[in-house]
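Participant: Here's a sequence, model it:
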Amino acid sequence: MRLYASRPDRRLVQLLADAGLLAWAVLWVLVARVVHGAVLVLAGPGRAVEDLGSSVADSMGSAASAAEDVPVVGDELSAPFEALGEAGSSVSGAGQSAQDAVATLAVVLAVVLVVLPVGWLLARWLPWRLRWVREASVVSRMSGRPADLELLAARAVATAPLPRLAALPPGTGAAWRAGDPAAVRALAALEAGRLGLRLPAPDAAGAGARGSGATAPPISG
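Facilitator: Modelled structure (predicted):
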């Protein structure tokens, strides 16, 4: 499986695209971290409310315990303090709930800030790269087998832009129809060049064809 082209200019474009995707992802991860930290600052009031509620609950609990020690009227004296202690516990719970809500919001915003922009770019980059890898891998295998060069030449005749076909030596089309190996190779090279690949040297391709069951050599780069 080929990941990059043999031709330097095409390979540079691919490397820049891959690096750009990575940089884009890193950028949004950093942005998400900053936003996550900024949103968590909003949890400060919730922590203050929780601390206040806990403090009130502890103080009222101590006061209720002390009031219970008063003879005869201890239960009546401790009741208001116990009620205030329960109220303090409720306030503390509300503060904790506020902190949990802020933490959830911070996580959701961070995930959205990463998934949306990175997913948007990935949805465009991935099909482009997979399509090139699939086609380049097939061309690499076919170009290592001289018998398959005819198929690559036919593909070039059918799909290559007219200016590139016109740039071939005069008579290439007629020579290809006559089965001339040089014309076949020129057209096959045109198809490989569409993907930024180069055909292997004729002797290397021939050696691959003569080998019994051997894997065809890759396109030289």
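Participant: remind me which residues of this structure are low pLDDT?
Facilitator: Along the chain, segments meeting pLDDT under 70 span 56-58, 61, 63-78, 81-82, 84-85, 88, 203-221.
Participant: Please enumerate the helices of it.
Facilitator: 8-40, 44-68, 74-143, 149-159, 162-166, 172-177, 181-194, 202-210 (DSSP state H).
Participant: Check the ones you listed for me and report the most buried one.
Facilitator: Highest mean neighbour count of the helices of the chain: helix 181-194, a mean of 20 (counted as mean count of other C-beta atoms under 10 Å). Where you see a C-beta, it was placed from the backbone N, CA and C, and this is true even at glycine.
Participant: That one: how far from the chain's middle?
Facilitator: Centroid separation for helix 181-194 versus its chain: 36 Å, with C-alpha atoms, centre = their mean, to the nearest Å.
Participant: What of stretch 177-194?
Facilitator: On C-alpha atoms, centre = their mean, the centre of stretch 177-194 falls 38 Å from the chain's centre.
Participant: any idea how far Leu168 lies from Val133?
Facilitator: Distance of Leu168 to Val133, computed by C-beta to C-beta, to the nearest Å: 28 Å.
Participant: Then Gln96?
Facilitator: From Gln96 to Val133 the distance is 51 Å (C-beta to C-beta).
Participant: likewise Gln99?
Facilitator: Gln99 is 48 Å from Val133, by C-beta to C-beta.
Participant: How about Ser62?
Facilitator: Relative to Val133, and taking C-beta to C-beta, Ser62 is found at 71 Å.
Participant: Also Leu15?
Facilitator: With C-beta to C-beta as the criterion, Leu15 and Val133 are 14 Å apart.
Participant: Kindly report the same for Ala192.
Facilitator: In terms of C-beta to C-beta, Ala192 sits 15 Å off from Val133.
Participant: Same question for Leu42.
Facilitator: 46 Å.
Participant: Which one, of the helices of the chain, ends up nearest to Met1?
Facilitator: Closest of the helices of the chain to Met1 is helix 74-143, at 5.1 Å (criterion: C-beta to C-beta).
Participant: now that closest one, how far from the centre of its chain.
Facilitator: The answer for helix 74-143 is 18 Å, by C-alpha atoms, centre = their mean.
Participant: now the angle from that helix to helix 149-159?
Facilitator: Relative orientation of helix 74-143 versus helix 149-159 (axes from the mean of the first three to the mean of the last three C-alpha atoms, to 10 degrees): 110 degrees.
Participant: which other helices and strands contact helix 74-143?
Facilitator: helix 8-40, helix 44-68, helix 149-159, helix 181-194 (3 or more C-beta pairs under 8 Å, 6 or more residues apart in numbering; DSSP states H and E).
Participant: now these in a markdown table, with distance to Thr104?
Facilitator: Formatted as a markdown table, the helices and strands packed on helix 74-143 follow (distance: least, C-beta to C-beta, whole Å):
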| stretch | distance to Thr104 |
| --- | --- |
| helix 8-40 | 10 |
| helix 44-68 | 12 |
| helix 149-159 | 53 |
| helix 181-194 | 51 |
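Participant: wait, what's in contact with Ala103?
Facilitator: Leu40, Ala43 (C-beta atoms under 8 Å, 6 or more residues apart in numbering).
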